[in-house]
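Chemist: Provided below are the primary sequence and the corresponding predicted coordinates.
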Amino acid sequence: MVTARTAIVSALLNAPSLVPHVVIMHLPDQNTEDNDNFTEWLRQMNVPLVRHRLSFFDALPRNTWKARASGYKHPHHLNIGAYCRVDLPLIARDFSPKWRRLGIETERYLYTDTDVLFSNDVSADDIVDGRLLETFVGGTEVFSPSFNSGVLLVNASALFEELPAMRRYAKERAFKFFLMDQQWMAEYFTPFPAPFSADRAAFWQDWHVNVSKRIGWLKLRDSRWNARAYAHPRETEQFPAIWHWHGYKITDVECWLKYLTNSSFELEHYPSVHGRNNIFRRFELRGKCKFIDVISHKHTSSLCWLRTYTWLRAMQLRMDELAATVLSPPAPPVTASA
């Protein structure tokens, strides 16, 4: 829960327009009344904790479940957190009356993964940038323009109305989505050629009639709202408001810094990765750390991305230090001695 704490602290300090909520997903047989340090920390920070059980859990085939820990009590533990985003309209609908009383907008909400840091305030109008928000605005993948669901601005009513059809679509696909909710949402809101399976022709024909009326999802300006440390904003762009540890995590940065300090490394240039024509730079640390093997020159020059990663790490550590002080016991009073 460390990344969740740092995300919340950075939002409270740097994005005062936001009202953070934390969603914790539970399996049907899990006890939701846990009283750990994180829930106590949220209480002290006055951040609402939303406990939610996945609404379509029973519809999921067993082959979509993933074993995450051999000692886990549930025989087929599902990574239900990855499907959380699909149920967010239901959660938003439950909170709407309370939000209205507090003067919080109910028609649009911002969702982020926990591995983000806020460095500036966030405005839904700025994110939309004059476009019509018919469904949602989402970020892109690490090194491609494909949809990534880690940062979303959602039209709550529109997505709520689509949920029944989305579930029918997922059931027809037998929930065979390699990237779970991310691929599910991308396929549903992005029309594509009918599949080769003849026995599904009627379903797909009907689905395409409906989906053709939609414009799909809008793309975030990643450099501002979904920034990654390897992709520096240009001098003419605004500084990122949301940084996302997407692709490489703080643990990777710790590993790089450790071996840069205590070992040697090499930079290897080689052309064409996966059929692309760019020249890529490979960061080789004798196999000890995750390779940085697909960072192109259009995103970075020399090792400037490493400086940004190091800065982002320092920012995260500082947010974590501030978060830890909330649960620290108060200092004993100073008494004057005679």
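Modeler: Perfect, I can see it now. The shown structure was predicted, so the numbers you read here are calculated from the model rather than taken from an experiment. Residues are numbered from 1 along each chain as shown.

Chemist: quick one, what contacts the nearest residue to Ala227 once chain neighbours are set aside?
Modeler: Nearest in space to Ala227, with sequence neighbours left out and distances taken as CB to CB, 6 or more residues apart in numbering, is Pro240 at 3.4 Å. (Glycine included, C-beta is placed from N, CA and C.) By CB atoms under 8 Å, 6 or more residues apart in numbering, the residues touching Pro240 are Ser119, Asn120, Ser223, Arg224, Trp225, Ala227, Pro233.

Chemist: at 10 Å instead, please
Modeler: Residues counted as contacts of Pro240 (CB atoms under 10 Å, 6 or more residues apart in numbering) are 117-120, 221-229, 231-233, 312.

Chemist: Can you go through the residues you listed and name the buried ones?
Modeler: Among the contacts of Pro240, those scoring as buried are 117-119, 221-229, 231-232, 312 (criterion: 16 or more other CB atoms under 10 Å).

Chemist: Which ones among those lie within strands?
Modeler: Among the buried ones among the contacts of Pro240, DSSP state E puts Leu117, Phe118 in strands.

Chemist: Show me where this structure dips below the pLDDT cut-off.
Modeler: In the prediction, the chain carries residues with pLDDT under 70 at positions 1-2, 32-35, 62-79, 143, 191-215, 232-237, 263-304, 327-338.

Chemist: which residues in it form strands?
Modeler: Taking DSSP E as the criterion, the chain contains strands spanning 22-26, 49-53, 108-112, 116-118, 136-140, 147-155, 218-219, 242-244, 266-271, 279-284, 292-296.

Chemist: what comes up buried for the second one?
Modeler: Of the residues in strand 49-53, His52 count as buried by neighbour count, 16+ other CB under 10 Å.

Chemist: If you count contacts, what does that strand end up packed against?
Modeler: Using 3 or more CB pairs under 10 Å, 6 or more residues apart in numbering; DSSP states H and E as the contact criterion, the neighbours of strand 49-53 among helices and strands are strand 22-26, helix 37-45, helix 84-102.

Chemist: Of these, which stretch is the most buried?
Modeler: strand 22-26 (a mean of 18; mean count of other CB atoms under 10 Å).

Chemist: Would you mind pulling the contact partners of that strand?
Modeler: Taking contacts as CB under 10 Å, 6+ apart, the residues outside strand 22-26 that touch it are 1, 4-5, 7-8, 30, 32, 34, 38-39, 42, 45, 47-54, 57, 78-85, 87-88, 91, 111, 114.

Chemist: Helices of the stretch 151-300 of the chain, start to end?
Modeler: Under the criterion DSSP state H, counting those that start in this stretch, the stretch 151-300 of the chain carries helices at the ranges 156-172, 181-189, 201-211, 222-225, 250-262.

Chemist: which strands and helices sit next to the last one?
Modeler: Same thing as helix 250-262. Under the contact criterion of 3+ CB pairs under 10 Å, 6+ apart, the helices and strands touching helix 250-262 comprise helix 2-14, helix 304-325.

Chemist: Deepest-packed of those helices, please.
Modeler: Ranked by mean neighbour count under mean count of other CB under 10 Å, the helices and strands packed on helix 250-262 are led by helix 2-14, which reaches a mean of 21.

Chemist: Can you spell out which helices and strands pack onto that one?
Modeler: Packed against helix 2-14, as judged by 3+ CB pairs under 10 Å, 6+ apart, are the following elements: strand 22-26, helix 37-45, strand 108-112, strand 116-118, strand 242-244, helix 250-262, helix 304-325.

Chemist: Could you rerun that using 7 Å?
Modeler: strand 116-118, helix 304-325 (3 or more CB pairs under 7 Å, 6 or more residues apart in numbering; DSSP states H and E).

Chemist: Pull up the gap between the residue nearest to Met166 when sequence neighbours are not counted and Arg307, please.
Modeler: Among residues not flanking Met166 along the chain, Tyr188 sits closest, at 5.5 Å (CB to CB, 6+ apart). Distance check for Tyr188 against Arg307: by CB to CB, to the nearest Å, it reads 40 Å.

Chemist: Arg167 now?
Modeler: Between Arg167 and Arg307 the distance, using CB to CB, works out to 46 Å.

Chemist: Same question for Gln183.
Modeler: On the measure of CB to CB, Gln183 and Arg307 end up 34 Å apart.

Chemist: before we move on, what about Arg168?
Modeler: The span separating Arg168 from Arg307 equals 49 Å under the rule CB to CB.

Chemist: again, but for Ser146
Modeler: According to CB to CB, Ser146 and Arg307 sit 28 Å apart.

Chemist: re the thing from before, phi, psi for the residue nearest to Ala227 please.
Modeler: Note on Pro240: its backbone torsions stand at phi -60, psi 140 [degrees, to the nearest 10].

Chemist: how many other residues sit next to the nearest residue to Ala92 once chain neighbours are set aside?
Modeler: In space, Ala92 comes closest to Ala156 once its chain neighbours are excluded; the distance is 4.6 Å by CB to CB, 6+ apart. Other residues within reach of Ala156, judged by other CB atoms under 10 Å, total 21.

Chemist: now do Pro164
Modeler: By the other CB under 10 Å criterion, the neighbourhood of Pro164 contains 9 residues.
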